[in-house]
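Enquirer: no sequence on this one, just coordinates:
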């Protein structure tokens, strides 16, 4: 969801409200965005319900499902970071340098 739309949403939310979406992809573009938004909702004591995906942060099962998604996203970010670092180290070992090539 575009930043201005979510900021309008958070301006209107009050403690005890529930944000309802038909499907998770209607709220955020990436899993990281979704996790950030839902975490912010939890800090405001606002519930989240995704009808099609069956996630309801009012229930223990819904919170568990959300936490599984969050853990998988964090794991994915760490794996990507590790692979990037390994690739850069390997390239340096072969004498390659990063950055733009000189045109001189």
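Expert: Happy to help now that I have it. In this text the structure is predicted, and so the values were computed from the model without any measurement.

Enquirer: hey, let's count contacts and neighbours off CA atoms from now on
Expert: Fine.

Enquirer: buried residues in the helix ranked longest in the chain?
Expert: Longest among the helix segments of the chain by residue count, using DSSP state H, is helix 60-93. Neighbour counts over helix 60-93 (16 or more other CA atoms under 10 Å) mark 62, 63, 65, 66, 69, 70, 73 as buried.

Enquirer: Which strands and helices lie in contact with that helix?
Expert: Counting by 3 or more CA pairs under 8 Å, 6 or more residues apart in numbering; DSSP states H and E, the packing neighbours recorded for helix 60-93 are helix 31-43, strand 55-56.

Enquirer: Rebuild the ones you listed as a markdown table, extending it with mean pLDDT and distance to residue 103.
Expert: Listed next are these as a markdown table, based on pLDDT from 0 to 100; distance: least, CA to CA, whole Å:
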| stretch | mean pLDDT | distance to residue 103 |
| --- | --- | --- |
| helix 31-43 | 85 | 39 |
| strand 55-56 | 88 | 54 |
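
Enquirer: Any chance of CSV for those, columns distance to residue 99 and mean neighbour count?
Expert: Rendered in CSV, the data for the helices and strands packed on helix 60-93 read as follows (distance: least, CA to CA, whole Å; neighbours: other CA atoms under 10 Å):
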stretch, distance to residue 99, mean neighbour count
helix 31-43, 28, 16
strand 55-56, 44, 20
